[in-house]
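Peer 1: predicted model and sequence below, questions to follow.
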Amino acid sequence: MTVDTTVTVRVPAKVNLQLAVGPRREDGFHALVNVFHAVSLFDEVTVKAASPRRPRALTALTATGRSESHLARVPLDEGNLAARAALLLAEETGAGFPVDIHLDKRIPVAGGMAGGSADAAAALVACDRLWGCDLSRERLLDLAARLGSDVAFGLVGDTAVGTGRGELLEPMASPGRYRWVFALSPRGLSTADVFGEYDRLRPDAPEPRLDTALEKALASGDAVALGASLSNDLQPAALSLLPELRRTLDAGRGAGALGALVSGSGPTCAFLVGGGAEDPGAVAEREAGVVAALRATGLCEQVIAADGDVPGTTVV
């Protein structure tokens, strides 16, 4: 029998096609209806048995990534969600031995695309494989939900609606393939700060509901209808905290994007540039125009393109 000594798991970023935020609950979380869509920006998390010579903490983390400014926002201690995932799995199963966890980060950090949550999902899968826990998918999803609202979606991928605080997932029919452009900001936004600003701006938020127009657009593979249906209740709060994002959104829309919104709590801005039954040449031309317009603003650290949807965690 072959025993794994190193396991690498690839996990995608997400964009929120709809993020409906309800009132703050007694437990401090907000009721959400959150339509997740996995896109082809991937982190890779590699877990390997630690050297007997290093200190015997359960985890030691390292990271590489897009830029030094983004990596500076990645905690490399027990506060990192990937480390917390390994610890939770060890506590729940009684298994586990010290491991080194390396994060190769291509998902924007503190960008509203669930990079930290994605890494936690990947760490769960990698440690489960390395330690021989062999947990069921349902058990892994339960542990993921305990780690954070977005972690479970990293395991699932594709397109799904999350309710509760976002962790209760149901797949959504989405046969279309879509092309996206993402504008990465040189600045980060704290999720807690954005939710705090949301509470200030909208103290009497109604209960959230799934947008039926969005549901129909996804089911039909209609890129134009999908672009018109994108929505994010946190966007006004993100724009309040980082007003230059409005210029970024306006630039992409003015260049022909079918839809535009702040992704999650921001500050990454997402632009739908085509898909479904559209002519690929027309999509490529629209993408080039949006990319050029965003770069011309001088507000973006990077502008990158990706496809969606894609599967969740994959052992590579």
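Peer 2: Thanks, I have the structure now.

Peer 1: what's the weakest-modelled helix or strand in the chain?
Peer 2: Every helix and strand in the chain was compared by mean pLDDT, DSSP states H and E; the lowest is helix 68-71, with a mean of 74.

Peer 1: can you give me the strands for the protein?
Peer 2: Taking DSSP state E as the test, the strands found in the chain are 6-24, 30-49, 59-65, 99-105, 159-163, 168-171, 178-184, 231-232, 259-262, 269-275, 302-308, 314-315.

Peer 1: and those, which is most packed in?
Peer 2: Greatest average neighbour count among the strands of the chain goes to strand 269-275 (a mean of 28), per mean count of other Cβ atoms under 10 Å. Heads up, the C-betas are built off the backbone N, CA and C, glycines and all.

Peer 1: now the angle from that strand to strand 6-24?
Peer 2: If you take axes from the mean of the first three to the mean of the last three Cα atoms, to 10 degrees, strand 269-275 sits at 110 degrees to strand 6-24.

Peer 1: export strand 269-275 as CSV, just CAs?
Peer 2: What follows is strand 269-275, C-alpha atoms only, in CSV (Å, rounded to 0.1, in the frame of the first residue of the first chain):
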residue,chain,number,x,y,z
CYS,A,269,-14.4,44.1,-8.4
ALA,A,270,-15.9,41.5,-10.8
PHE,A,271,-17.0,42.1,-14.4
LEU,A,272,-19.0,39.6,-16.4
VAL,A,273,-17.8,39.9,-20.0
GLY,A,274,-19.7,37.1,-21.7
GLY,A,275,-20.5,33.4,-21.9
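
Peer 1: enumerate every residue touching the nearest residue to Pro175 once chain neighbours are set aside.
Peer 2: Among residues not flanking Pro175 along the chain, Gly221 sits closest, at 5.1 Å (Cβ to Cβ, 6 or more residues apart in numbering). Neighbouring residues of Gly221 by Cβ atoms under 8 Å, 6 or more residues apart in numbering: Ser174, Pro175, Gly176, Gly275, Gly276, Ala277.

Peer 1: filter these down to the buried ones, ChimeraX style.
Peer 2: To isolate the buried ones among these in ChimeraX, judged by 16 or more other Cβ atoms under 10 Å, type:
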select :174,176,275,276
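
Peer 1: of the contacts of Gly221, which belong to helices?
Peer 2: Among these, DSSP state H puts none in helices.

Peer 1: now the contacts of Gly221 in TSV, with pLDDT and distance to Ser229?
Peer 2: Below are those laid out as TSV (pLDDT from 0 to 100; distance: Cβ to Cβ, whole Å):
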residue	pLDDT	distance to Ser229
Ser174	95	12
Pro175	95	16
Gly176	94	13
Gly275	94	13
Gly276	84	13
Ala277	84	17
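
Peer 1: any idea which of the contacts of Gly221 is closest to Ala60?
Peer 2: Ser174 (38.8 Å; Cβ to Cβ).

Peer 1: now that closest one. Its backbone dihedrals?
Peer 2: Ser174 has phi and psi values of phi -150, psi 80 when expressed as degrees, to the nearest 10.

Peer 1: was I right about it contacting Leu218?
Peer 2: Yes. With contact defined as Cβ atoms under 8 Å, Ser174 counts as touching Leu218 (4.4 Å).

Peer 1: overlap in contacts of the two?
Peer 2: In contact with both Ser174 and Leu218: Thr159, using Cβ under 8 Å, 6+ apart.

Peer 1: any weak-confidence spans in this protein?
Peer 2: 1-3 (pLDDT under 70).

Peer 1: these two touch, right, His274 and Arg179?
Peer 2: Actually, residue 274 is Gly rather than His. Yes. Between Gly274 and Arg179 there is a contact under Cβ under 8 Å: 4.9 Å.

Peer 1: find residues that contact each of these two.
Peer 2: Joint contacts of Gly274 and Arg179 (Cβ under 8 Å, 6+ apart) are Val283, Glu287.

Peer 1: in contact with Lys309, which residues?
Peer 2: Let me fix one detail, which is that residue 309 is Asp and not Lys. With the criterion set at Cβ under 8 Å, 6+ apart, Asp309 makes contact with His37, Ala38, Val39, Gly157, Asp158, Thr159, Ser174, Arg177, Tyr178.
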